[in-house]
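Novice: no sequence on this one, just coordinates:
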């Protein structure tokens, strides 16, 4: 018995057909940015309109991880296992260090503030790639209404040199990011 219907047969190779989908929580307008911390046995995700990061554990269920969260959206982990987050409210990408302190990874490009970093991935070389659409600066619902000073782009940060470059410049509003297995696309 399968709990899933695959529109593309390739999807079937990535799921266990007998593993049901489970609802972990309710009561949110919408959530994004799930990231699993196997070493802590918890799932973190953003409750963007309520300006908080939530945590789910099998033992406790739902709790608040960080509030306020600066209207955090997407999350991932870096090669050292630290939380990397995109913050709409502060228009930046941050890293939560193992001791809980926050380090700013990127908050501007060519002297102008980012729009509202949205989704983020870390490549095997440690570089941090993030999308920067304008969703978080269009209204006060998921950030703070602000003037857009940069085009919507995808950026790459070299964590060794802290340099940032625009790597995809021809999309209207880039959003979710993922690399292919060989990381060529």
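Specialist: Great, that's in hand. Not measured: the values here are computed from a predicted model.

Novice: how about residue 63, nearest residue that isn't a chain neighbour?
Specialist: Leaving aside its sequence neighbours, residue 63 sits nearest to residue 55 (CB to CB, 6 or more residues apart in numbering; 5.2 Å). Where you see a C-beta, it was placed from the backbone N, CA and C, and this is true even at glycine.

Novice: no, scratch that, I was asking about residue 80
Specialist: The shortest distance from residue 80 to any non-neighbouring residue, by CB to CB, 6+ apart, is to residue 98 (7.9 Å).

Novice: same check, this time on residue 116
Specialist: Nearest non-adjacent residue to residue 116 (CB to CB, 6+ apart): residue 136, at 2.8 Å.

Novice: may I see the buried residues of the host helix or strand of that neighbour?
Specialist: Under the criterion of DSSP states H and E, residue 136 resides in helix 135-138. Buried positions in helix 135-138, judged by neighbour count with 16 or more other CB atoms under 10 Å: 135-137.

Novice: from residue 74, how far out is residue 120?
Specialist: To residue 74, residue 120 is 5 Å away according to CB to CB, to the nearest Å.

Novice: what residues are shared contacts of those two?
Specialist: Common contact partners of residue 120 and residue 74 (CB atoms under 8 Å, 6 or more residues apart in numbering): 85-86, 130-131.

Novice: pLDDT value on residue 1, please?
Specialist: With respect to pLDDT, residue 1 scores 44.

Novice: oh, I was asking about residue 5
Specialist: Residue 5 is given a pLDDT of 78.

Novice: so what's the residue nearest to the spatial centre of the chain up against?
Specialist: The chain has residue 74 as the residue nearest its centroid, 1.5 Å off, counting by CA atoms, centre = their mean. Under the criterion of CB under 8 Å, 6+ apart, the contact list for residue 74 reads 32-33, 46, 85-86, 117-120, 130-131, 176.

Novice: 6 Å - rerun?
Specialist: 33, 86, 118-120 (CB atoms under 6 Å, 6 or more residues apart in numbering).

Novice: any regions of this structure where pLDDT drops low?
Specialist: Along the chain, the parts satisfying pLDDT under 70 run over 1-3.
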